[in-house]
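> structure, please.
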Amino acid sequence: MSGDYHTGVKICGLTEEAGFDACVDNGADWIGFVFFDRSPRFVTPQHAARLASRPLGQSRTVGLFVHPTDEDIARVLDHTPLDVIQIYASDERARQVAEVFGLPVWLSFPVSGREDLPQSCPVQRMLIEPRPPENATRPGGNAQKLDWSMLEGWNPPFPWMLAGGLGVHNVAEAIRLTGVPAVDVSSGVERAPGIKDPALIASFVRNARMADKI
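Okay, the predicted model is just below:
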């Protein structure tokens, strides 16, 4: 990979100022807020608004919702503007959210094997991640690593992103093996649940961008 291209980087689950500023300072493309109250990274609309009022640089904000109503999303947007809505929902519901709110929508898409990979994209981007364990209390953010071999040679004609078990130590390998255009990390750059480590954020972004040059 060469030229101006770089792998997109999303840091998800921001709850505090130091982590937020580290995302901006290190050039993360997207900063994610989790509006799902079972997550240790949950933030209220008001708290997200306070963080998003800080300098954003070139970063953009993403709001993560799990099977939300229109009212759930509207309540957040009343407080903080979002650049992207990321959603766990059906294809039909994701399309409906895009129509109602007029924002880009990313559809989170848990998979177990290659046969589960989507063949089409009903919205702006598909986020591929591992299917959660049966006893999980949330659909994502469980620090599970996907078997990347299922993605080798998979070249969908739509934008996608890889999540699940990524960290400083393996993000470059994941990019090289899968050719993914964008990566998403949360627990992999934390020093405690919901508390980001600025040094890990810097290293993650750097390692993702280094992979572009190989």
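> what about the protein, any weak spots by pLDDT?
Along the chain, segments meeting pLDDT under 70 span 1-5, 133-144, 213-214.
> tell me which residue is most central in it.
Nearest residue to the geometric centre of the chain (CA atoms, centre = their mean): residue 184, 4.2 Å.
> now that residue: which helix or strand?
Element membership for residue 184, per DSSP states H and E: strand 182-185.
> the helix or strand that that strand is followed by pairs with which strands?
For strand 182-185, the following helix or strand on the C-terminal side (DSSP H and E) is strand 190-192. Looking at strand 190-192 with DSSP bridges, its paired strands and their directions are strand 195-196 (antiparallel).
> got the buried residues for the helix or strand that comes right after the strand it pairs with?
Next helix or strand after strand 195-196 toward the C-terminus (DSSP H and E): helix 198-211. Buried residues in helix 198-211, counted by 16 or more other CB atoms under 10 Å: 198, 200-209, 211. Just so you know, the C-beta spots here come from the backbone N, C-alpha and C atoms, and that holds for glycine as well.
> packing partners of helix 198-211?
Counting contacts by 3 or more CB pairs under 8 Å, 6 or more residues apart in numbering; DSSP states H and E, helix 198-211 is packed against strand 8-11, helix 17-25, helix 171-178.
> make CSV from these and add mean neighbour count to it.
Shown next, in CSV, are the helices and strands packed on helix 198-211 (neighbours: other CB atoms under 10 Å):
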stretch, mean neighbour count
strand 8-11, 24
helix 17-25, 19
helix 171-178, 20
